[in-house]
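Trainee: Just to be clear, the model below is a prediction. Sequence and coordinates:
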Amino acid sequence: MKIRSLRAFALAALLVVSSDALTLHRLFRDHMIVQRDHPVIVSGAAQPGASLEVSLQRAGTMFREQVSADSTGLWKVSLGPVTLGAPWELHVRADGEELKVSDMVAGDVWLLSGQSNMEWKIRDGVTGPDSEAHAEKYPGIRYFAVEKRCSNVAERDLTSGEWQVCSPETVGGFSAVGYYFARRVSAETGIPIGLIECNWGGSSIEAWMSPDLLAGLPHSQGTVIPEVDRGEITLFEAGNLSESRAGKLVELIENSFEGLKVGAAALDFDDSGWAASPFPKVADLPREILWLRRTFDWSGSGPAKLDLGFPHERVVVYVNGKEVARFQNQPVQVALDAGVLHKGRNVIALRLANPWWFPYIDGVTEHFGISGAESGSFVSLAGDWRLSTSLEPKLPVLWGMQQVNSALFNGMLSPLTDFGIKGVLWYQGETNADSPVQYATLFPAMIQDWRIRFKQGYFPFYFVQLANFGEPRETVEDRSLGHIRQAQAAALTLPRTGMALAIDVGEAYDIHPKNKVAVGERLARHALRNEYGKKLTAGSPEMREVMISGAQVRVAFTTESGLKTTDGAAPRCFSLAGSDGVYHLAEARIDGNTIVLSSKEVPEPKTVRYAWAGNPTVNLADGEGLPVVPFRTDSLPAPY
């Protein structure tokens with residue numbers, strides 16, 4: 001009998017047999033982890049009508065079934081369930097051929113899904129307590145990365161991927177959040193942990209939802225590709241085309257400076273024909289290479305400091321025709337030497353571009369300007385700038401393939417639904433931040449739909465509430481990530497869900513915070529308590545009750561270990577509003593498991609908000625250091 005190694009085996013994408021190939025689903029590869037105490041559903045392809053024998057064996061234990069391929073060559077069989085331990089071997093025999101999978105381990109399999117913060121690799125850089133990988137201690141952690149693939153139809157299989165045994169050589173390619181979750185769980189339980197990475201940076205929740213589910217829910221239209229709708233190209237071909245265009249786009253952004261050739265940065269350049277555009281501005285800019293100009297009068301002397309907030313994503317700064325700085329995903333704060341600014345009229349020019357999204361400038365209006373380093377004088381640059389979109393070549397059209405509705409459900413998730421899992425870890429929401437009302441409906445619906453598709457009951461679904469990001473502040477910022485965080489928390493009404501906070505470990509100017517240790521371990525807390533019976537605190541404290549007595553407000557929290565501040569100062573980021581709905585910063589103090597609030601500006605408080613900003617400077621946590629969940633008690637509509 002001829003035995004073939006699966007490492008070298010090429011699998012047809014849809015498992016449709018076009019030759020005498022005997023195949024196995026791509027997940028069945030050496031070193032895999034299968035879900036313990038759960039049937040192992042094995043599938044593949046063979047000659048139509050072929051008879052197969054499939055067996056799973058380990059140290060005197062064997063499960064064996066006979067099965068016949070159907071008229072298209074597809075076959076599927078259920079074996080087990082298997083008990084904790086290793087090594088198991090899988091054998092598939094048909095017509096003189098045999099496929100073998102070795103070093104199979106029975107343990108717990110967790111599916112990792114979402115967008116770039118779940119995708120973020122250890123090799124991309126991580127920080128946090130004990131961030132060293134220690135990978136050599138955890139060979140029981142195994143990792144499988146699902147290929148990025150869009151599809152119009154629900155796929156049955158994957159076309160690539162191998163299981164990786166955790167080691168110093170392999171761990172760099174693991175999801176950082178997933179690894180730190182697995183490391184904590186494995187260390188405390190001794191159970192082998194399988195991680196299946198199924199995510200795509202920048203993906204929308206709609207892309208992960210089935211077409212049937214989306215059809216009955218309010219949702220974003222997502223990326224629309226006319227050529228695909230007209231049947232001229234497939235979704236897969238559109239992805240390849242978009243990827244090839246991306247290289248050209250980045251080249252233009254890095255190398256095309258046509259605006260300099262016509263003097264767009266010079267003081268005497270005539271920009272009277274350019275459009276007026278107010279800044280700071282976080283929306284409604286075209287996705288092109290933009291040139292911006294602002295003239296101003298300066299009466300100071302000596303060095304100065306320029307603060308233009310946080311442009312996304314790449315910006316070159318010119319003052320009076322001279323380049324003074326280049327930034328990428330960093331705040332524009334430039335020290336200007338004496339002599340760079342002239343007495344009287346000056347000009348600042350910016351070349352702004354974002355390869356992957358619409359460019360914008362985010363900033364605190366009162367800081368947006370130039371200040372004298374010695375004199376303390378300040379000139380505000382907030383207000384109308386002159387804007388041109390026509391100086392540089394037009395950027396090639398890219399399609400956000402990961403935002404095509406149902407495309408990732410079909411291409412990446414659907415092939416996994418026969419595979420046994422312990423539960424799901426989810427980190428997504430940035431892409432849907434501007435549609436919190438819809439997200440509050442879509443997210444719980446997606447969880448329920450996934451549970452139905454996997455046919456494994458109410459498996460645990462643990463997720464990350466979005467990290468702090470943007471200009472740090474204490475006060476209420478109504479148009480902020482507060483609303484999408486609230487929408488995420490709506491899923492906690494479902495059974496066996498849990499939310500890990502990242503509100504205290506984010507970075508002001510990086511949507512990808514590096515402290516993945518805290519995030520992974522906070523997810524692990526939920527699993528350890530709820531799935532493995534460990535006695536520890538899992539979720540962060542939540543607002544339980546608000547009591548108003550005259551000018552004083554008392555907020556009670558659900559906490560098992562009391563409240564504290566991480567820096568010893570008074571609690572920050574609480575705001576009160578009266579009947580006018582205008583929020584003012586509140587004074588706060590801890591009293592047991594409650595917070596007592598008051599504000600001179602609000603003598604008759606009606607509502608409370610806590611940490612309601614993109615990057616609230618929070619310091620309130622429970623006795624174990626878990627941050628308090630942001631909340632609001634008003635029902636004002638989100639400004640989206």
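Mentor: Received the coordinates, thanks.
Trainee: in this structure, which strand has the most residues?
Mentor: Ranked by residue count, the top strand of the chain under DSSP state E comes out as strand 97-114.
Trainee: list the buried ones in it?
Mentor: 97, 99, 101, 104-114 (16 or more other CB atoms under 10 Å). Quick note: C-beta positions are derived from backbone N, CA and C, even for glycine.
Trainee: Tabulate these (JSON lines), appending pLDDT and distance to residue 62.
Mentor: Converted to JSON lines, the buried residues of strand 97-114 look like this (pLDDT from 0 to 100; distance: CB to CB, whole Å):
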{"residue": "97", "pLDDT": "92", "distance to residue 62": "20"}
{"residue": "99", "pLDDT": "96", "distance to residue 62": "17"}
{"residue": "101", "pLDDT": "97", "distance to residue 62": "15"}
{"residue": "104", "pLDDT": "96", "distance to residue 62": "13"}
{"residue": "105", "pLDDT": "96", "distance to residue 62": "17"}
{"residue": "106", "pLDDT": "96", "distance to residue 62": "14"}
{"residue": "107", "pLDDT": "97", "distance to residue 62": "20"}
{"residue": "108", "pLDDT": "98", "distance to residue 62": "23"}
{"residue": "109", "pLDDT": "98", "distance to residue 62": "22"}
{"residue": "110", "pLDDT": "98", "distance to residue 62": "28"}
{"residue": "111", "pLDDT": "98", "distance to residue 62": "28"}
{"residue": "112", "pLDDT": "98", "distance to residue 62": "32"}
{"residue": "113", "pLDDT": "98", "distance to residue 62": "34"}
{"residue": "114", "pLDDT": "98", "distance to residue 62": "39"}
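Trainee: which residues in this protein form helices?
Mentor: Taking DSSP state H as the test, the helices found in the chain are 116-119, 176-189, 211-214, 226-229, 235-255, 258-261, 407-408, 436-454, 482-489, 516-530.
Trainee: most packed of those?
Mentor: Comparing the helices of the chain by mean neighbour count (mean count of other CB atoms under 10 Å), helix 407-408 ranks first with a mean of 30.
Trainee: who touches residue 274 in this structure?
Mentor: Shown in contact with residue 274 (CB atoms under 8 Å, 6 or more residues apart in numbering): 291, 293, 386-388.
Trainee: Most neighbours among the residues you listed, which one is it?
Mentor: Within the contacts of residue 274, most neighbours by other CB atoms under 10 Å means residue 291, with 29 neighbours.
Trainee: Spit out the contact partners of it.
Mentor: Taking CB under 8 Å, 6+ apart as the criterion, residue 291 is in contact with 259, 264, 274, 349-352, 387-388, 391-392.
Trainee: so residue 398 touches residue 239, yeah?
Mentor: No - counting by CB atoms under 8 Å, residue 398 stays clear of residue 239, with 10.6 Å between them.
Trainee: can you pull up the bridge partners for the closest residue to residue 271 other than its chain neighbours?
Mentor: Nearest non-adjacent residue to residue 271, counting by CB to CB, 6 or more residues apart in numbering: residue 386, 4.3 Å away. Beta-bridge pairing for residue 386 (DSSP bridges): residue 276, residue 293.
Trainee: Please read off the pLDDT at residue 386 from the model.
Mentor: On pLDDT, residue 386 comes in at 95.
Trainee: Kindly report the same for residue 5.
Mentor: pLDDT at residue 5 comes out at 40.
Trainee: likewise residue 12?
Mentor: Predicted confidence (pLDDT) for residue 12: 35.
Trainee: Now for the closest residue to residue 627 other than its chain neighbours, how many residues are close by?
Mentor: Excluding the flanking residues, the one nearest residue 627 by CB to CB, 6+ apart is residue 504, at 4.5 Å. Neighbours of residue 504 under the rule other CB under 10 Å: 23.
Trainee: give the contact list for residue 504.
Mentor: Residue 504 sits in contact with 468, 566, 618, 621, 627, where contact means CB under 8 Å, 6+ apart.
Trainee: burial count for the first one?
Mentor: Put plainly, it is residue 468. Neighbour tally, residue 468, other CB under 10 Å: 25.
Trainee: So it versus residue 611, what's the distance?
Mentor: 8 Å (CB to CB, to the nearest Å).
Trainee: Give me the common contacts of the two.
Mentor: Common neighbours of residue 468 and residue 611, using CB under 8 Å, 6+ apart, are 503, 618.
Trainee: Buried residues in stretch 454-464, which are they?
Mentor: 454, 456, 459-464.
Trainee: swap that for stretch 425-437, please
Mentor: Quick answer for stretch 425-437 (16+ other CB under 10 Å): 425-433, 435-436.
Trainee: Farthest-apart pair in these, please.
Mentor: For the buried residues of stretch 425-437, the farthest-apart pair by CB to CB is 425 and 435; their separation is 22.9 Å.
Trainee: Poorly predicted segments of the stretch 351-500 of the chain, please.
Mentor: Applying pLDDT under 70 to the stretch 351-500 of the chain flags the ranges 363-365.
Trainee: can you pull out the strands in it?
Mentor: Assigned by DSSP state E, counting those that start in this stretch, the strands in the stretch 351-500 of the chain fall at 360-362, 369-372, 378-380, 383-388, 423-427, 461-464, 472-473, 497-500.
Trainee: Report the contact partners of the residue nearest to residue 271.
Mentor: Neighbour list for residue 386: 271, 274-277, 292-294 [criterion: CB under 8 Å, 6+ apart].
Trainee: Just flag the most distant two among these.
Mentor: Among those, 275 and 294 lie farthest apart (CB to CB), at 13.3 Å.
Trainee: Looking at these two, which is more packed in?
Mentor: Taking neighbours as other CB under 10 Å, residue 275 and residue 294 compare with residue 294 leading, 19 against 11.
Trainee: do you know how far the more buried one is from residue 346?
Mentor: Going from residue 294 to residue 346 by CB to CB gives 9 Å.
Trainee: Likewise for residue 380?
Mentor: As defined by CB to CB, residue 380 lies at a distance of 14 Å from residue 346.
Trainee: Check residue 235 too.
Mentor: In terms of CB to CB, residue 235 sits 51 Å off from residue 346.
Trainee: can I assume residue 194 is in contact with residue 144?
Mentor: Yes - using CB under 8 Å, residue 194 is in contact with residue 144, at 7.3 Å.
Trainee: which of these two has more neighbours?
Mentor: Shown here are residue 194 and residue 144; by other CB under 10 Å, residue 194 has more neighbours (28 against 24).
Trainee: Which members of the contacts of residue 504 come out as buried by neighbour count?
Mentor: Applying 16+ other CB under 10 Å to the contacts of residue 504, the neighbour count classes 468, 618, 621, 627 as buried.
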